[in-house]
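1. Here is the input, now give the coordinates:
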Amino acid sequence: MTTILIIDDEPGIRRTLASILEDERYKVFTAEDAIRGFDILEQESVSLVFLDVLLPNMGGMEALEHIRRNWPTVEVVIISGHANVDMAVRAVKLGAFDFLEKPLSLDKVLTVCRNAVSMQKLREENEGLKQKALLARDEIIGVSKLMNQVRELIRQAAASNARILITGENGTGKELVARAIHRLSARSSQPFVEVNCAAIPDSLLESELFGHEKGAFTDAVSRRRGRFEIAHRGTLFLDEIGDMSLSAQAKVLRVIQEQKIERVGGEKSLETDVRIVSATNKDLETECREGRFRQDLFFRLNVIPIKLPNLRERPEDIPLLLTHFLYEMDAAAIKFDDEAMDFLSSCPWPGNVRELKNLAERIVVMYNGDRLGIRDLEILLQKKVEDSSVHTSLGAGETPGTIEDIFNLHYNEAKELFERRYLEFHLMQNDGIISRTAESIGMYPSNLHTKLRKYRLRTER
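-> A predicted model of the protein is given here:
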């Protein structure tokens with residue numbers, strides 16, 4: 001059912017307009033001022049707003065700007081008893097769908113309403129198609145600030161031939177980033193060659209990287225090209241570089257310095273032109289200090305560092321990632337209710353995006369419905385969701401006794417604890433109204449919603 005909101009300070013207008021629209025099978029909410037209207041917009045899925053120009057506390061034009069900024073898919077029809085051409089032009093420029101004069105004509109109200117609702121639905125369908133196209137084209141999914149920063153780093157780095165070191169936890173998408181860099185580079189028409197340094201025994205790694213001549217060792221029954229040679233003029237991706245032995249590290253360093261390779265058992269030097277992109281889940285600076293990684297090689301590889309955020313740092317991307325995975329699996333019809341999505345957005349996800357994708361596959365195989373709720377998740381996860389909330393070293397919901405206790409925490413834990421307490425305080429000061437809270441602390445309501453989901457904070461009405 002289409003939902004319509006009427007914001008007008010005249011009770012008679014609200015009652016009359018609501019009665020007309022309810023007779024047409026619309027669900028109608030009313031508000032006497034813009035602040036109350038914003039509160040309803042936060043709580044309900046509204047398609048159309050009838051907005052009076054002269055309102056207490058905040059004028060209609062200012063309210064229109066606020067709605068267009070925070071709820072861009074909602075259509076707005078301005079109504080006024082003091083209309084003029086300049087006001088109508090200004091309203092349309094600010095994004096109003098139409099402008100109606102009081103006293104309102106029944107036929108015109110219904111016509112404008114039908115047109116606005118149709119336009120809103122058309123826009124939603126169009127955005128849905130765009131989103132599907134984006135999901136199908138872009139493997140690096142996310143709209144969070146952290147992922148936008150990663151995309152910008154990829155764009156800047158791809159244009160050069162500089163070596164790149166990608167760091168991040170397992171499952172954060174290091175290989176996807178490496179492939180994106182290659183795809184956007186001038187080398188995109190040349191090979192992208194991957195070497196998993198952790199999966200190849202040290203005794204075979206040199207042959208794998210540089211190739212070998214026939215008879216170089218017992219099993220060398222023919223000449224074989226190495227990965228450096230195959231990747232000539234393209235990109236060589238050294239995954240899990242932190243697991244490479246010190247002897248192999250020395251040989252890679254020499255290739256970087258001389259731009260030449262020699263096959264195992266060979267005497268001839270071969271020119272090599274490769275761009276090296278490496279990745280690791282280890283702290284290579286610590287590895288260098290403890291003697292497990294060559295510092296000179298680290299400096300050579302770490303020309304452009306790209307650190308990938310873990311999924312815990314970007315919970316706002318979880319709904320989009322799940323949508324992407326289900327779309328890839330031809331299961332886009334499966335939806336999540338708000339409680340289930342809030343829970344998934346608050347999970348720690350130690351396996352990061354890889355773990356989330358595994359859950360999506362499990363849902364496709366094991367779930368037969370089309371709207372997944374919190375009880376369905378308990379069955380799929382085989383545990384009570386109440387026992388799965390994110391815990392810090394303080395314990396779930398526990399607070400430090402004094403301000404000094406915060407200084408005993410790790411930086412990220414202390415920052416999250418302060419942020420939670422800060423949001424709780426300002427929500428209480430603003431009676432739990434999200435729009436007021438967001439305005440008072442200088443944050444967009446959509447960003448505040450994300451934070452509230454992250455910390456599983458509930459607003460009391």
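
2. tell me the domain boundaries of the chain?
-> Segmentation of the chain into domains, based on automatic domain parsing, reads 3-134, 153-307, 313-388, 403-454.

3. looking at those, which is closest to Ser144?
-> Proximity of the domains of the chain to Ser144 was assessed by Cβ to Cβ; the nearest stretch is domain 313-388, lying at 3.9 Å. Heads up, the C-betas are built off the backbone N, CA and C, glycines and all.

4. roughly how far is that closest one from the heart of the chain?
-> The gap between where domain 313-388 is centred and where its chain is centred comes out at 15 Å by Cα atoms, centre = their mean, to the nearest Å.

5. before we move on, back to that, so which of the domains of the chain comes closest to Ile140?
-> Closest approach to Ile140 among those (Cβ to Cβ): domain 153-307, 5.8 Å.

6. Mean confidence (pLDDT) on that closest one, please.
-> Along domain 153-307, the predicted local confidence has a mean pLDDT of 92.

7. measure that domain end to end?
-> End-to-end distance for domain 153-307: 10 Å, by Cα to Cα, to the nearest Å.

8. mind checking how far it is from the chain centre?
-> Offset of domain 153-307 from its chain centre (Cα atoms, centre = their mean): 29 Å.

9. Would you mind measuring the gap between the ends of stretch 140-150?
-> One end of stretch 140-150 to the other measures 9 Å (Cα to Cα).

10. re earlier: of the domains of the chain, which is nearest Ile141?
-> Of all those, the one in closest proximity to Ile141, counting by Cβ to Cβ, is domain 313-388 (4.9 Å).

11. circling back: Gly142: which of the domains of the chain is closest?
-> Between Gly142 and the domains of the chain, the shortest gap by Cβ to Cβ is with domain 313-388, which sits at 4.0 Å.

12. State the mean pLDDT of the closest one.
-> When pLDDT is averaged over domain 313-388, the result is 86.

13. what does stretch 54-69 give?
-> On average, the pLDDT along stretch 54-69 is 88.

14. quick one: contacts of that stretch?
-> With Cβ atoms under 8 Å, 6 or more residues apart in numbering as the test, stretch 54-69 has contacts from 7-9, 32-35, 37-38, 41, 49, 51-53, 74, 76, 78, 80-82, 90-91, 94-96.

15. swap the cut-off to 10 Å and go again
-> Counting by Cβ atoms under 10 Å, 6 or more residues apart in numbering, stretch 54-69 makes contact with 5, 7-10, 31-38, 41, 46, 49, 51-53, 74-76, 78-82, 87, 90-91, 94-96, 435, 439, 444-446, all of which sit outside it.

16. Can I get the buried part of those as one ChimeraX selection?
-> What follows is the ChimeraX syntax for the buried subset of the contacts of stretch 54-69, where burial is set by 16 or more other Cβ atoms under 10 Å:
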select :5,7,8,31,32,33,34,35,36,37,38,41,46,49,51,52,53,74,75,76,78,79,80,87,91,96,435,439,445
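
17. Quick one: residues contacting Leu372.
-> Leu322, Ile334, Lys335, Phe336, Asp337, Ala340, Met341, Leu344, Ile363, Leu380.

18. The domains of the chain into CSV, with extra columns for distance to Ile141?
-> Rendered in CSV, the data for these read as follows (distance: least, Cβ to Cβ, whole Å):
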stretch, distance to Ile141
domain 3-134, 9
domain 153-307, 9
domain 313-388, 5
domain 403-454, 16
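
19. Go through those domains and name the closest to Met147.
-> Distances from Met147 to each of the domains of the chain were compared using Cβ to Cβ; the minimum, 6.2 Å, belongs to domain 313-388.

20. quick revisit: out of the contacts of Leu372, which are inside helices?
-> Those of the contacts of Leu372 mapping onto helices are Leu322, Ala340, Met341, Leu344, Ile363, Leu380, per DSSP state H.

21. of those, buried ones?
-> Looks like the ones in helices among the contacts of Leu372 have Leu322, Ala340, Met341, Leu344, Ile363 buried, using 16+ other Cβ under 10 Å.

22. Columns distance to Arg25 on top of those residues, output as TSV?
-> As requested, those are arranged in TSV below (distance: Cβ to Cβ, whole Å):
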residue	distance to Arg25
Leu322	33
Ala340	30
Met341	29
Leu344	34
Ile363	34
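
23. what's the most distant pair in the contacts of Leu372?
-> Pairwise distances among the contacts of Leu372 were taken by Cβ to Cβ; the largest, 14.9 Å, belongs to Lys335 and Leu380.

24. And for Glu339, the neighbour number?
-> The local packing of Glu339 (other Cβ atoms under 10 Å) involves 13 other residues.

25. How about the contacts made by it?
-> Gly373, Ile374, Arg375, Leu377, Val385.

26. repeat that for 8 Å
-> Residues in contact with Glu339 (Cβ under 8 Å, 6+ apart) are Gly373, Ile374.

27. Return the distance of it relative to Arg371.
-> As for Glu339, its distance to Arg371 is 11 Å (criterion: Cβ to Cβ, to the nearest Å).

28. about what we covered before: now, among the buried ones among the ones in helices among the contacts of Leu372, which is nearest to Asp107?
-> Met341 (41.4 Å).

29. what helix or strand does the closest residue to that closest one other than its chain neighbours sit in?
-> Once flanking residues are discounted, Met341 sits nearest to Pro319: 5.8 Å by Cβ to Cβ, 6 or more residues apart in numbering. Secondary structure here is read from DSSP states H and E; on that basis Pro319 sits in helix 318-328.

30. Can you spell out which helices and strands pack onto that helix?
-> Taking 3 or more Cβ pairs under 8 Å, 6 or more residues apart in numbering; DSSP states H and E as the contact definition, the neighbouring helices and strands of helix 318-328 are helix 106-137, helix 338-346, helix 352-366.

31. so of those, which one's packed in deepest?
-> For the helices and strands packed on helix 318-328, the stretch with the most neighbours on average is helix 338-346, a mean of 18; neighbours defined as mean count of other Cβ atoms under 10 Å.

32. got the angle for that one vs helix 318-328?
-> Between the axes of helix 338-346 and helix 318-328, defined by axes from the mean of the first three to the mean of the last three Cα atoms, to 10 degrees, the angle is 100 degrees.

33. export helix 338-346 as CSV, just CAs?
-> These are the backbone C-alpha positions of helix 338-346, laid out as CSV (Å, rounded to 0.1, in the frame of the first residue of the first chain):
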residue,chain,number,x,y,z
ASP,A,338,14.9,-5.3,9.5
GLU,A,339,15.7,-7.2,12.7
ALA,A,340,17.6,-9.9,10.7
MET,A,341,19.6,-7.3,8.7
ASP,A,342,20.3,-5.3,11.9
PHE,A,343,21.7,-8.5,13.5
LEU,A,344,23.8,-9.4,10.4
SER,A,345,25.2,-5.8,10.3
SER,A,346,26.3,-6.1,14.0
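
34. doesn't Lys174 make contact with Ile166?
-> Yes. The criterion here is Cβ atoms under 8 Å, and Ile166 meets it with Lys174 at 4.7 Å.
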